[in-house]
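J.: Sequence and predicted model, in that order:
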Amino acid sequence: MEGVASTPVENSAVVTVAGATAAEAAHFALWLRSGLAPRPDLIRFSGERALDSGDDSEWLIPAGGGFEEVRAAVAEHVGALDGE
């Protein structure tokens, strides 16, 4: 995976992770939620296909739960993009 971190707006940060599977993204989100984010309910994500198609909506990473819950949230987002 590759990534870039930036702060485009005051009191906000964006971490872009490229080339990640849903499972890899879930592991990263769990690490971020448990180690760095002071309020886990603020962690949101989107996908490359969504952004490429002009969809700038954000999905919330679950504030609790483990790997499977977070992976399911990411997979649900990908499924929505695929029309599932």
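T.: On my side now, so go ahead.

J.: Break down the chain into its strands, ranges please.
T.: Counting by DSSP state E, residue ranges of the strands within the chain are 2-6, 14-18, 44-45, 59-60.

J.: buried residues in the second one?
T.: By that I understand strand 14-18. Val17 (16 or more other CB atoms under 10 Å). Placement of C-beta: from N, CA and C, glycine included.

J.: and it, what does it pack onto?
T.: strand 2-6, helix 22-35 (3 or more CB pairs under 8 Å, 6 or more residues apart in numbering; DSSP states H and E).

J.: highest average neighbour count across these?
T.: Ranked by average neighbour count under the criterion mean count of other CB atoms under 10 Å, the helices and strands packed on strand 14-18 are headed by helix 22-35 at a mean of 17.

J.: and it, average pLDDT?
T.: This predicted structure assigns helix 22-35 an average pLDDT of 86.

J.: same thing with stretch 56-75?
T.: Averaging pLDDT residue by residue across stretch 56-75 gives 86.

J.: End to end on it, go ahead and measure it.
T.: End-to-end span of stretch 56-75 (CA to CA, to the nearest Å): 17 Å.

J.: From Gly64, how far out is the closest residue in space to Val70 that isn't next to it in sequence?
T.: Counting by CB to CB, 6 or more residues apart in numbering, the nearest residue to Val70 once its immediate chain neighbours are dropped is Ala26, at 4.2 Å. To Gly64, Ala26 is 14 Å away according to CB to CB, to the nearest Å.
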